[in-house]
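In: what follows is a predicted structure for the sequence shown.
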Amino acid sequence: MKRESKFDAVTILGLALAAALFIGGIYYSKAKNEANQRERLKQQAEFEAAMERAKKESPPVLTQAGENKPGETKPAENKPEAQTTKENKPAEPTKAPEAEVQLAPDITVMTDGLDLIFTARGGTLLSATLTNEYVDAAAKKQKSLEILAEIQQGQRTFGLPSFDIGPADPNKQKEHLVYDDKAEDASKSLDKRAWHLDSNSGAFDANGEWKIVYSTKLNDFCTATKTFTVNRKGNLLFCSLAVANTSSEPLDYVYALNGPAGVLLDGPPQNPKGSASYVAITGELAGRDEAASENSSGIESKTISTDAALKEDDSASISSAENLWGAVKNRFYMSILISRNPTQLIKLKAVPVKHVFNSNDPLADDKRYQEKNLGIQGVRRRSANLAPGKKAEDQYALYIAPAN
């Protein structure tokens, strides 16, 4: 596998711009390119239509409409044709159901400034702790500040809450498979299922990199693979999402990817706000419609509140020619999802994040989980046609650090 450079110029410049813009609140306003905007709206509509098809199944079904799964003789239950037609059903696998994978143990990676825990559940980042930062900035007694966690059950960083893949032929769109995190069956949700642990380097190599690889098979269509690369130094980790076409015809796909799924308030669990009169989680999204010039970066950014994220409309999203990064910030720290190929995403949006407390919840007394929160999601443009036997990769980075 070809190894990527840890700190290429584009990555360093992108991170510097992201941090500076998030802290400084620099805003640029440029004219929209109408042709690009029409294309973005078209692809966005395609994605939303696919997600609507998935919602009409309860839970989403991944078997051919009107057919039984292999080995079954009875018809599908609770799927009256009057309620859900063949045309709007997600497509179903034509061969054996996807085999269950045994859940591999969590993996902890300790860098010079971060403790990271990865889980095979969805092939995701479960938590992140800033080991050199104080839990209570005022008292300055104990270090190791937890900033990323599974705040809302099932929502984790680098998760795939939705994934739509199928034949690239426009006449076969109804044959697409739609995976959705709202599905009760773990096999029909890429975030609930166990991903296979392909490899774990187990230590940092001579270049200061630790690699973890998870994969999952999407029936006969493809294999999805996430490769995490963690650097010993700095506050960066990289994620490569690869899709390999294992079918006999060209495919295309679209998905939503979680960035930071909320951040915890920067304070002790029983009193995270301290004496501050007003503390809130905020988000920020950044994109660009015009190339950078001598006098301007061309970047437009939008600040998102937790109340705005609850609306789940255009006020909490951006859709530019280049959708660069989305950040979530507490008082002094932030986590940023960075699209290393700025044109691969059609949209960046803030989504509401809320912990649902239940009886005997171990987090019942942790006030950090009681606060309004938000997360970041990136929506991929519909991919180019992926030929049989070929693989495509999308590159992302996550930055976790003090805001200054």
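Out: Here it is on my side, so go on.
In: any low-confidence regions in this structure?
Out: For the chain, applying pLDDT under 70 flags the ranges 1-99, 294.
In: give me the distance from stretch 252-270 to the chain's centre.
Out: 8 Å (CA atoms, centre = their mean, to the nearest Å).
In: now it: buried residues?
Out: For stretch 252-270, the buried set under the neighbour-count rule, 16 or more other CB atoms under 10 Å, comprises 252-268. (Each C-beta comes from the backbone N, C-alpha and C, glycine too.)
In: okay, and Asp307 sits in which element?
Out: For Asp307, the enclosing helix or strand under DSSP states H and E is helix 306-311.
In: buried residues in that helix?
Out: For helix 306-311, by 16+ other CB under 10 Å, it's 306, 308-309.
In: please narrow the buried residues of stretch 252-270 to those residing in strands.
Out: 252-258 (DSSP state E).
In: turn the buried residues of helix 306-311 into CSV, including distance to Gly298.
Out: What follows is these, written out as CSV (distance: CB to CB, whole Å):
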residue, distance to Gly298
Thr306, 28
Ala308, 24
Ala309, 26
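In: out of those residues, who's nearest Leu125?
Out: Ala309 (20.4 Å; CB to CB).
In: wait, the closest one touches Gly326, no?
Out: No. Assessed by CB atoms under 8 Å, Ala309 is found out of contact with Gly326, at 11.2 Å.
In: who touches both of these two?
Out: By CB atoms under 8 Å, 6 or more residues apart in numbering, Ala309 and Gly326 have these common neighbours: 283, 350.
In: wait, Ala137 touches Asp266, no?
Out: Yes. Ala137 is within contact range of Asp266, at 6.8 Å (criterion: CB under 8 Å).
In: any residues in contact with both of these two?
Out: Phe332.
In: what's near enough to touch the closest residue to Leu363 other than its chain neighbours?
Out: Counting by CB to CB, 6 or more residues apart in numbering, Leu363 lies nearest to Tyr369, which is 4.9 Å off, once chain neighbours are set aside. In this structure, Tyr369 makes contact with 151, 264, 355, 357, 363, judged by CB under 8 Å, 6+ apart.
In: show me which pair in the residues you listed is furthest apart.
Out: Longest span within these, CB to CB: Leu264 and Phe357, 15.5 Å.
In: excluding covalently adjacent residues, which one is nearest to Ala401?
Out: Asn235 is the one closest to Ala401 (CB to CB, 6+ apart), at 4.0 Å.
In: distance of that neighbour relative to Gly267?
Out: 20 Å (CB to CB, to the nearest Å).
In: equivalent analysis for Gly159, please.
Out: For Gly159, the distance to Gly267 - CB to CB - is 26 Å.
In: again, but for Arg288
Out: Distance from Arg288 to Gly267, by CB to CB: 35 Å.
In: same deal with Ala350?
Out: 22 Å.
In: and the residue nearest to Ser248 when sequence neighbours are not counted, what element?
Out: Spatially, and ignoring its direct neighbours in sequence, Ser248 is nearest to Pro388 (5.6 Å; CB to CB, 6+ apart). Pro388 belongs to no helix or strand when elements are defined using DSSP H and E.
In: Pro388: neighbour count?
Out: Neighbours of Pro388 under the rule other CB atoms under 10 Å: 11.
In: next, the contact list for it, please.
Out: Contacts of Pro388 (CB under 8 Å, 6+ apart): 245-250.
In: tabulate those (a markdown table), appending distance to Phe332, secondary structure and neighbour count.
Out: Output for the contacts of Pro388, formatted as a markdown table (distance: CB to CB, whole Å; DSSP: H, G, I helix; E, B strand; the rest coil; neighbours: other CB atoms under 10 Å):
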| residue | distance to Phe332 | secondary structure | neighbour count |
| --- | --- | --- | --- |
| Asn245 | 45 | strand | 23 |
| Thr246 | 46 | coil | 16 |
| Ser247 | 48 | coil | 18 |
| Ser248 | 53 | coil | 9 |
| Glu249 | 51 | coil | 15 |
| Pro250 | 48 | coil | 15 |
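In: buried set for stretch 368-381?
Out: Here stretch 368-381 shows 368-369, 371, 373-381 as buried, counting by 16+ other CB under 10 Å.
In: what's the end-to-end length of it?
Out: One end of stretch 368-381 sits 35 Å from the other (CA to CA, to the nearest Å).
In: centre of the chain to it, how far?
Out: 10 Å.
In: strands of the stretch 301-404 of the chain, start to end?
Out: 317-318, 322-329, 333-339, 345-353, 373-380, 391-402 (DSSP state E, counting those that start in this stretch).
In: compare those and give me the one nearest Ala203.
Out: Comparing these by CB to CB, strand 391-402 comes nearest, at 20.9 Å.
In: quick one: strands adjacent to that closest one?
Out: Using DSSP bridges, the strands paired with strand 391-402 are strand 236-245 (antiparallel), strand 333-339 (antiparallel).
In: find the centremost residue of the protein, please.
Out: Asn258 (1.7 Å; CA atoms, centre = their mean).
In: just checking, it touches Gly159?
Out: Yes. Applying CB under 8 Å as the test, Asn258 and Gly159 come out as touching, 4.3 Å apart.
In: which residues are in contact with each of these two?
Out: Common neighbours of Asn258 and Gly159, using CB under 8 Å, 6+ apart, are Thr124.
In: wait, what's in contact with the closest residue in space to Thr129 that isn't next to it in sequence?
Out: Excluding its sequence neighbours, the residue lying closest to Thr129 (CB to CB, 6+ apart) is Asp115, at 4.3 Å. Asp115 makes contact with 108-109, 127-129, 131, 144, according to CB under 8 Å, 6+ apart.
In: show me what contacts Phe163?
Out: Here Phe163 is in contact with 177-179, 190, 218, 224, 253-256 (CB under 8 Å, 6+ apart).
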